[in-house]
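Peer 1: need a structure here:
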Amino acid sequence: MTTTKDSPNLQLDFVEIVAPRLWMSVAFKNTYVSNNAPAAALNVLAPLEGWFDCGSIQAVKVPVAKTVREHMRGIPQTSRKQWETGRTAQITFNTADCTPYVEALINGQTLFNTMIGSAYNVASLRESDIEARRITRLASTPTLSQYDIVVCGSITNQNATTAFNMAVVESMTGSILTLEGAGFPVAPAVEDHIQKVSRTMFKDPMGTNLIRSAMLFWDVIVADTNIKMQYCMYFPKVQNFTGQDLDFKAETEEYESSLTLSAIAVNMTLDDGKTGFDFYKKWVLAY
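Peer 2: Residues are numbered from 1 along each chain as shown. As a prediction, the model looks like this:
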């Protein structure tokens, strides 16, 4: 199973740690709010339905802050009782991915695409979901060129203006469209419409409060025994806390955004059947 596609691995003695990766949803996803757990390790080349791969990230921290009150008695005064009165959780990380849909997801924005030219129907797809995201046969021969940005919308093309399903054209051979990299974040469906994008607006009006979900995961391989594990952290409700955009301050990295996503507590059912409010679920998956 592929674990990463664009970031080098970090070698620590006999342990191989693959760079952390972030998936996000356009809206709140309650996939794992109940006591359902991931069936298998997550594959970066095949995101779960409704999730978008935001690439590998760096300098990841998941700080959880607690406010604890103490009841002091005696001389000298000693702590006799403690109780928690507040708790917060965040995800902080750095990213250099400026893909429009990634930028909008992590910055808490929405997209508005302006299309140009005709929309072309998807005629057939490759059997593999991974191949279907990258290579598509269209119903006609479009006038698309290398490096054009295209968006895939529904059959009526009504949602293409706000769709996050965008990619860059690698080549156009007859009616066969090949896209750069892994292609569309979500595989097209037959009769979906693909159209060239002339510009994309990032909408982030004041007073908006976009709730999304996040999936943070990374792989660990113990080389001498070939034990493979994946750590997966699922945050049901997050929102952008910093309103961050591009930052060009570091001469070693031309563009790097430092992001903070604030987690919101959700009533969850854990694997042991117990319920309670929590910010995230965390598993170690063996594969």
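
Peer 1: residue boundaries of the strands in the stretch 51-200 of the chain?
Peer 2: 51-56, 58-61, 64-73, 78-95, 110-125, 135-138, 149-153, 166-173, 176-179, 193-203 (DSSP state E, counting those that start in this stretch).

Peer 1: now the end-to-end length of stretch 72-85.
Peer 2: 16 Å (CA to CA, to the nearest Å).

Peer 1: now stretch 132-146
Peer 2: 18 Å.

Peer 1: chain center to it: distance?
Peer 2: 26 Å (CA atoms, centre = their mean, to the nearest Å).

Peer 1: before we move on, what about stretch 75-93?
Peer 2: For stretch 75-93, the distance to the chain centre is 32 Å (CA atoms, centre = their mean).

Peer 1: send the alpha carbons of stretch 208-228 over as PDB?
Peer 2: Presented in PDB, the C-alpha positions along stretch 208-228 are these (Å, rounded to 0.1, in the frame of the first residue of the first chain):
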ATOM      1  CA  THR A 208     -18.500  33.100   8.400                       C
ATOM      2  CA  ASN A 209     -18.000  30.000  10.500                       C
ATOM      3  CA  LEU A 210     -17.200  27.000   8.300                       C
ATOM      4  CA  ILE A 211     -17.200  23.700  10.100                       C
ATOM      5  CA  ARG A 212     -15.200  20.900   8.500                       C
ATOM      6  CA  SER A 213     -13.700  17.600   9.500                       C
ATOM      7  CA  ALA A 214     -10.000  16.600   9.400                       C
ATOM      8  CA  MET A 215      -8.100  13.300   9.200                       C
ATOM      9  CA  LEU A 216      -4.500  13.300  10.300                       C
ATOM     10  CA  PHE A 217      -2.400  10.100   9.700                       C
ATOM     11  CA  TRP A 218       1.100   8.900   9.400                       C
ATOM     12  CA  ASP A 219       2.800   5.500   9.000                       C
ATOM     13  CA  VAL A 220       5.400   3.700  11.100                       C
ATOM     14  CA  ILE A 221       7.400   0.700   9.900                       C
ATOM     15  CA  VAL A 222       9.700  -1.200  12.200                       C
ATOM     16  CA  ALA A 223      12.200  -2.500   9.600                       C
ATOM     17  CA  ASP A 224      13.800  -5.400  11.400                       C
ATOM     18  CA  THR A 225      10.500  -7.200  12.100                       C
ATOM     19  CA  ASN A 226       8.600  -5.500   9.300                       C
ATOM     20  CA  ILE A 227       5.800  -4.400  11.600                       C
ATOM     21  CA  LYS A 228       3.600  -1.800   9.900                       C
END
